[in-house]
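Engineer: Need coordinates for the below:
(4 chains)
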There are 2 protein chains.
Amino acid sequence: MVELSISLDRAFHALSDATRRGMLDRLSRGPASVSELARPYSSSLAAIHQHVHVLESSGLIVTEKHGRTRQCRLSPEAVLTVETWLSDRRRLWEDRFDHLGKLLETPEDQT
Amino acid sequence: MVELSISLDRAFHALSDATRRGMLDRLSRGPASVSELARPYSSSLAAIHQHVHVLESSGLIVTEKHGRTRQCRLSPEAVLTVETWLSDRRRLWEDRFDHLGKLLETPEDQT
DNA sequence: TGAATACTTAAGCATATGGTTGAGCTTTCG
DNA sequence: CGAAAGCTCAACCATATGCTTAAGTATTCA
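Structural biologist: Here you go, the predicted model:
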């Protein structure tokens, strides 16, 4: 349980940054080196390397050193973990809202 | 697009803390006041209030002041947003893994 | 009215995050 | 071999986060 919390902490944290999400999108089109991941951004390579490290320690990606380059690729299991957490909750919540029905539709909520 | 990124930033950030996820779980069993949300935790009420603020500005919950208490409840739309983002990616990634199949498993001996 | 309740805000503090630059380490190639 | 490529590491810095305590505001109720 604590383990799960810790990995959810890291996974959600990793996902909370637009640069890292962009890197994940890039990786969804196939593995890439650190330099390739850095290409769309103006940050230094060192900064991108730090993002790679955050993504890897969250489990969202796995990397392997090949010669002088590091290949990064996605790890769908970790995504499944967070997605499962979310969809479990959403199911619960929707059940609740189904039960409550009209309560949600009260006009006071028009903010 | 920028808007979406910003709200994903906030939503994922809000989800990256175990206390806030616990508060969301509590809210999945129905609306609660700030004090009720604080009950399971040893932190000060002020700290919990800050968590409520993070959750609210992420859009994951909505709150309303009733007299001297503030009622908090879930906002399923925001959860749907982040869950959709995740499941879209997972679909992409799984497609990739399906297509590539063995390619991903090739032992890379470039030495 | 006056006390209790339930937040709310402010200030301060320790730690974390995300960026930089610059140096260093392998690996590759002419 | 020696230089370039590609990453890695270490400092350093600015800002953000999460917590505390203390004080302030608004409601409720005896």
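Engineer: ok, the residue nearest to A:Val79 when sequence neighbours are not counted - contacts?
Structural biologist: Residue nearest to A:Val79 in three dimensions, not counting chain neighbours: B:Arg90, with 5.0 Å by Cβ to Cβ, 6 or more residues apart in numbering or on different chains. Bear in mind the C-beta positions are built from the backbone N, C-alpha and C, glycine included. Contact analysis of B:Arg90 by Cβ atoms under 8 Å, 6 or more residues apart in numbering or on different chains lists A:Pro76, A:Val79, A:Leu80, A:Glu83.
Engineer: What's the local residue count around the second one?
Structural biologist: By that I understand A:Val79. Other residues near A:Val79 number 23, with proximity taken as other Cβ atoms under 10 Å in any protein chain shown.
Engineer: Could I get the contacting residues of it?
Structural biologist: So A:Val79 contacts A:Leu60, B:Leu86, B:Arg89, B:Arg90, B:Trp93 (Cβ under 8 Å, 6+ apart).
Engineer: any idea how far DNA strand C is from the fourth one?
Structural biologist: Remark: distance between B:Arg90 and DNA strand C (Cβ to the nearest atom of the strand, to the nearest Å) = 22 Å.
Engineer: Relative to the whole chain's centre, how far out is the strand or helix carrying that residue?
Structural biologist: Following DSSP states H and E, one finds B:Arg90 within helix B:76-100. Taking Cα atoms, centre = their mean, to the nearest Å, one finds helix B:76-100 lying 15 Å from the centre of the chain it belongs to.
Engineer: Which of the residues in it are classified as buried?
Structural biologist: By neighbour count on 16 or more other Cβ atoms under 10 Å in any protein chain shown, the buried set for helix B:76-100 is B:76, B:78-79, B:81-83, B:85-86, B:89-90, B:92-93, B:96.
Engineer: Name the SS class of A:Thr19, please.
Structural biologist: Here A:Thr19 is helix, with the state taken from DSSP: H, G, I helix; E, B strand; the rest coil.
Engineer: Okay, it and B:Ser33: tell me how far apart.
Structural biologist: Distance of A:Thr19 to B:Ser33, given as Cβ to Cβ, to the nearest Å: 38 Å.
Engineer: what's the answer for A:Glu77, then?
Structural biologist: 38 Å.
Engineer: And for A:Leu27?
Structural biologist: Separation of A:Leu27 from B:Ser33 (Cβ to Cβ) stands at 43 Å.
Engineer: which one of these two has more residues nearby?
Structural biologist: Taking neighbours as other Cβ under 10 Å, A:Leu27 and B:Ser33 compare with A:Leu27 leading, 23 against 16.
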